[in-house]
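[1] Let me see the structure of the following:
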Amino acid sequence: MPRSRKPMPSWCARSGFRPGPALAALLCALVAALLMAAQAVAAPRVALVIGNAAYSGVPALDNPANDAEDMTAALRDLGFQVILGIDSDQAQMRALIDQFGAAAQTAEVALFYYAGHAFQVADQNYLLPRDFRLERLDRATARTVALDEALKAMAAAPGVKIVLLDACGDNPLRLPGGGSGLARIGSPADFLIAYATQPGAVAFDGAGRNGTFTEALLSHIHTPAQDIGEMMIAVRKDVMARTGGQQIPWDASALTRRFRFADGPPTASPETLFYQVAVRAADPALLRLYLQRYPNGSHVGEVLALLAQDPARSGQARRSMGPEAEGAAGEQLWDLARRSRLKPLLESYARSYPKGPHIGEARRLLAELSAETDPGPARRCELLATHPRDGTETTPGVSYELLAQNAVEAMRACEEAGRLHPRQAKYVALLARATAAAGLRAEAVALYERAAERGDLRAMVSLALLKETGDGVAPDPAGALALYKRAAAAGSADAAINLAVTLLDSRRAQDQQRGIALMQQASQAGSPIATFNLGVLAQEGRFGDPGDARTLFERAAREGEPRGHRAAAVLLDEGRGLPRDPSRAAVQLLLGVASDDGGLLRELAEQGGNWNPETLSALQRRLARAGLYQGAADGKPGPALNQALELWRNGGFNATALSG
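    Alright, predicted model coming up:
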């Protein structure tokens with residue numbers, strides 16, 4: 001048995017045969033029949049996408065046409081046959097649904113996406129066509145298209161059925177029996193129905209090109225090897241962060257099979273891929289953009305060192321890549337560009353891969369971004385003042401130090417955003433953060449109190465921290481605890497973790513169980529730190545089954561906690577609570593080396609003998625597949641392996657080395 005050498009972290013933490021003519025004809029007929037059968041089994045993915053924005057009888061909307069176009073592009077890229085309708089009237093919507101229903105009858109996956117106005121009456125949901133007009137209250141629903149019409153069209157589909165509703169759900173018509181938001185309906189077998197916001201609530205328009213919910217969908221729908229359930233958690237997390245918890249996407253699933261929008265090998269986090277792309281390009285602008293997007297990122301030190309080098313030297317130091325690696329690099333760059341919709345990344349792709357497979361879509365997005373010259377005060381406020389813990393693919397968090405340099409500009413943008421969007425408390429919370437960065441503590445506290453009273457989760461947590469530490473306000477531990485409890489109850493993962501840590505340190509079993517429940521709540525809300533902590537608790541026998549620890553560690557790593565890779569690798573290498581698996585351990589080591597702050601790379605260089613030879617041999621073989629290791633796969637640590645890992649971390653990442 002291998003001795004345990006690697007302590008786990010604390011939770012606080014073709015043939016030559018030639019047939020004759022007759023046989024050849026028979027074989028051809030057989031092949032044709034097999035192909036037809038395969039096509040019948042592997043039925044297509046079909047989708048109906050409708051975006052209505054240019055209403056004539058009710059207020060027009062800003063985002064749905066963009067949402068529908070961008071969702072169509074994403075789904076087509078993922079192999080869907082898409083039927084698209086933009087600004088469709090009632091007759092057109094019904095014709096599209098009929099066309100969709102016919103296509104869905106043999107579909108492996110049938111997906112319906114709608115963005116636009118909608119309302120509920122008597123627990124039934126109605127989608128508003130472009131030509132909707134309210135002439136008589138008792139005939140209002142007759143001018144709509146019932147959601148049930150789309151659901152019935154999908155019902156005959158033999159496979160997975162997905163409904164995505166980015167509908168504002170407001171009911172300004174005050175219809176009899178109507179209410180705010182959309183009615184939550186039962187999810188029939190093999191249906192997943194997702195709503196932009198929680199029951200009885202109204203979804204907000206986005207401050208940029210897309211609605212908040214659709215923007216989050218577009219950021220995560222291309223993630224490889226991600227089950228749709230995990231994707232919806234990531235979407236929910238982003239939307240909550242963007243709205244201060246006032247909008248919480250909700251879904252009901254009765255799927256009886258797993259579904260992934262994107263297959264493929266596991267890959268690194270967007271932050272890690274961003275660093276890989278920037279290093280390969282040896283582009284100072286991209287390196288500086290990394291620092292802006294990830295001010296507390298794992299590669300900040302390396303980026304600063306690269307920026308301090310002479311540009312000519314850094315360019316000469318760029319590792320040459322073969323065609324396969326170059327292609328992988330292009331796919332990584334494109335993946336980042338389409339998820340973040342950052343103009344510098346799109347420009348870098350168009351410049352580096354003018355004949356690349358995605359050049360058409362890249363140019364389309366660039367043209368749209370170039371047309372949007374003024375992002376508006378709301379978007380400026382978000383880009384200038386968003387807390388790092390609330391950062392998303394399209395809205396990076398801003399460090400306090402950087403915010404302090406732009407505090408006056410941020411305050412002006414956030415004040416105007418609050419005036420233009422009075423229902424959204426997040427702009428008050430962002431104004432509070434900008435005000436605090438400007439040194440106006442008393443004014444910031446008052447603003448945090450206003451935003452917290454209106455339900456903004458970040459404001460609650462920030463105000464609780466101030467009360468806990470006495471920063472700009474009299475120390476008030478009880479008040480801080482009350483705010484943490486309120487924020488946790490409303491869905492704040494950060495507040496739940498803060499409470500859980502305190503309770504888990506208690507000697508009372510009741511407190512510890514409550515702490516574990518809060519940590520579970522935070523994990524279900526998409527907190528990678530909470531999921532990692534649950535993994536440690538499971539490994540220690542304090543939560544669930546010890547065999548669950550690896551799954552939790554790997555999930556935490558996928559969600560953005562790099563320590564999860566090493567923790568999972570230890571379990572797989574040594575067989576703690578599960579069979580040893582050197583190949584999977586090597587995958588987790590490679591992901592960890594690419595993703596963390598350099599600690600795992602140093603550990604493998606200095607203490608590589610602590611890992612089983614079978615795991616190191618698997619590591620060497622995977623690095624050789626990436627073209628980085630030329631030595632024997634002998635399972636021995638040494639300079640050749642260290643050099644290959646260094647290259648892997650700094651520009652050599654290739655997801656194909658992780659497959660198989």
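[2] which element follows the helix or strand bottoming out on mean pLDDT in the chain toward the C-terminus?
    Least confident element among the helices and strands of the chain, by mean pLDDT, DSSP states H and E: helix 21-41 (a mean of 41). Scanning forward in sequence from helix 21-41 by DSSP states H and E, the next helix or strand is strand 45-51.
[3] by contact count, what packs against that following strand?
    helix 64-77, strand 80-86, helix 90-104, strand 109-116 (3 or more Cβ pairs under 8 Å, 6 or more residues apart in numbering; DSSP states H and E). Every residue, glycine included, has its C-beta placed from N, CA and C.
[4] Now distance to residue 523 too, for those, in CSV please.
    Shown next, in CSV, are these (distance: least, Cβ to Cβ, whole Å):
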stretch, distance to residue 523
helix 64-77, 27
strand 80-86, 31
helix 90-104, 35
strand 109-116, 28
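[5] Could you identify which of these is most buried?
    Each of those was scored by mean neighbour count; the highest is strand 109-116, a mean of 27, by mean count of other Cβ atoms under 10 Å.
[6] Which residue ranges of this protein form strands?
    Assigned by DSSP state E, the strands in the chain fall at 45-51, 80-86, 109-116, 118-121, 124-127, 145-146, 160-167, 178-179, 191-195, 250-253.
[7] Pipe those into TSV and attach mean pLDDT and distance to residue 508 per row.
    Shown next, in TSV, are the strands of the chain (pLDDT from 0 to 100; distance: least, Cβ to Cβ, whole Å):
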stretch	mean pLDDT	distance to residue 508
strand 45-51	97	52
strand 80-86	97	53
strand 109-116	97	48
strand 118-121	87	45
strand 124-127	91	46
strand 145-146	96	53
strand 160-167	95	44
strand 178-179	57	43
strand 191-195	95	39
strand 250-253	92	34
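[8] Report the central residue of the chain.
    By Cα atoms, centre = their mean, the chain has its centre lying nearest to residue 220, at 4.0 Å.
[9] wait, what's in contact with it?
    226, 231, 234, 235, 238, 339, 393 (Cβ atoms under 8 Å, 6 or more residues apart in numbering).
[10] Below-threshold pLDDT in the chain: ranges please.
    1-43, 137-138, 169-181, 200, 310-327, 372-373 (pLDDT under 70).
[11] 80 - rerun?
    1-43, 135-139, 168-181, 183-187, 199-208, 264-266, 310-329, 370-374 (pLDDT under 80).
[12] distance of residue 494 from residue 428?
    19 Å (Cβ to Cβ, to the nearest Å).
[13] Please report the distance of residue 148 from residue 127.
    10 Å.
[14] neighbour count winner among the two?
    Set residue 148 next to residue 127 and count neighbours by other Cβ atoms under 10 Å: residue 127 wins out with 26 against 12.
[15] what sits opposite that one in the beta ladder?
    Residue 127 has the following beta-bridge partners by DSSP bridges: residue 118, residue 145.
[16] Redo the strands of the chain as a markdown table? Include distance to residue 599.
    A markdown table is the format used below for the strands of the chain (distance: least, Cβ to Cβ, whole Å):
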| stretch | distance to residue 599 |
| --- | --- |
| strand 45-51 | 42 |
| strand 80-86 | 41 |
| strand 109-116 | 41 |
| strand 118-121 | 50 |
| strand 124-127 | 51 |
| strand 145-146 | 56 |
| strand 160-167 | 40 |
| strand 178-179 | 53 |
| strand 191-195 | 38 |
| strand 250-253 | 37 |
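[17] I'd like to know which of those is closest to residue 503.
    strand 250-253 (27.7 Å; Cβ to Cβ).
[18] What residues sit buried inside that closest one?
    Residues of strand 250-253 classed as buried: 250, 251, 253 (neighbour count, 16 or more other Cβ atoms under 10 Å).
[19] In terms of distance to residue 432, which of those residues ranks first?
    Using Cβ to Cβ, the buried residues of strand 250-253 come closest to residue 432 at residue 250, 28.0 Å.
[20] wouldn't the closest one be in contact with residue 192 here?
    No: using Cβ atoms under 8 Å, residue 250 makes no contact with residue 192, being 11.6 Å away.
[21] Count the neighbours of the nearest residue to residue 515 once chain neighbours are set aside for me.
    Excluding the flanking residues, the one nearest residue 515 by Cβ to Cβ, 6 or more residues apart in numbering is residue 503, at 3.2 Å. By other Cβ under 10 Å, the residues close to residue 503 number 18.
[22] does residue 503 really touch residue 517, like I thought?
    No: counting by Cβ under 8 Å, residue 503 does not reach residue 517; the two are 9.1 Å apart.
[23] Would you mind measuring from the closest residue to residue 285 other than its chain neighbours to residue 286?
    The shortest distance from residue 285 to any non-neighbouring residue, by Cβ to Cβ, 6+ apart, is to residue 344 (6.2 Å). Counting by Cβ to Cβ, the gap from residue 344 to residue 286 is 7 Å.
[24] Compare those two (neighbour count), which wins?
    Set side by side, residue 344 and residue 286 show more neighbours around residue 286, with 22 against 14, by other Cβ under 10 Å.
[25] In contact with the more buried one, which residues are there?
    274, 277, 278, 344, 345, 348.
[26] Of the residues you listed, select the buried ones using a ChimeraX command.
    Here is the ChimeraX selection string for the buried members of the contacts of residue 286, based on 16+ other Cβ under 10 Å:
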select :274,277,278,345,348
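[27] Going by distance to residue 499, which of the contacts of residue 286 wins?
    residue 274 (32.9 Å).
[28] how close does the closest one sit to residue 231?
    20 Å.
[29] Equivalent analysis for residue 360, please.
    26 Å.
[30] more crowded one of those two?
    A count of neighbours by other Cβ under 10 Å puts residue 231 above the other of residue 360 and residue 231, at 22 against 10.
[31] hang on, isn't the more buried one packed against residue 261?
    Yes: counting by Cβ under 8 Å, residue 231 touches residue 261, with 7.1 Å between them.
[32] what touches both of the two?
    With Cβ under 8 Å, 6+ apart as the test, residue 231 and residue 261 both reach 221, 223.
[33] Please enumerate residues in contact with stretch 642-655?
    With Cβ under 8 Å, 6+ apart, stretch 642-655 has contacts from 224, 264-268, 272-273, 276, 279-280, 302, 318-319, 324-325, 328, 332, 590, 593-594, 598, 601, 604-605, 608, 620, 623, 626-629.
[34] Can I get the buried part of these as one ChimeraX selection?
    Those of the contacts of stretch 642-655 that count as buried under 16+ other Cβ under 10 Å are selected in ChimeraX with:
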select :264,266,267,268,272,273,276,279,280,302,325,328,332,590,593,594,601,604,605,608,620,623,626,627,628,629
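[35] Go through the contacts of stretch 642-655 and flag which are in helices.
    272-273, 276, 279-280, 302, 324-325, 328, 332, 590, 593-594, 601, 604-605, 620, 623 (DSSP state H).
[36] Going by distance to residue 423, which of the buried residues of strand 250-253 wins?
    Of the buried residues of strand 250-253, the one sitting nearest to residue 423 (Cβ to Cβ) turns out to be residue 250, at 19.0 Å.
[37] and that closest one, what is it in contact with?
    184, 194, 195, 197, 198, 199.
[38] Nearest residue to residue 436 in space, ignoring adjacent ones along the chain?
    residue 444 (3.7 Å).
[39] In this structure that neighbour contacts residue 433, no?
    Yes: with contact defined as Cβ under 8 Å, residue 444 reaches residue 433; the gap is 7.4 Å.
[40] which of these two has more neighbours?
    residue 433 (27 against 24).
[41] who's in contact with the more buried one?
    385, 387, 403, 444, 462.
[42] Mind doing that once more with 7 Å?
    385, 387, 403 (Cβ atoms under 7 Å, 6 or more residues apart in numbering).
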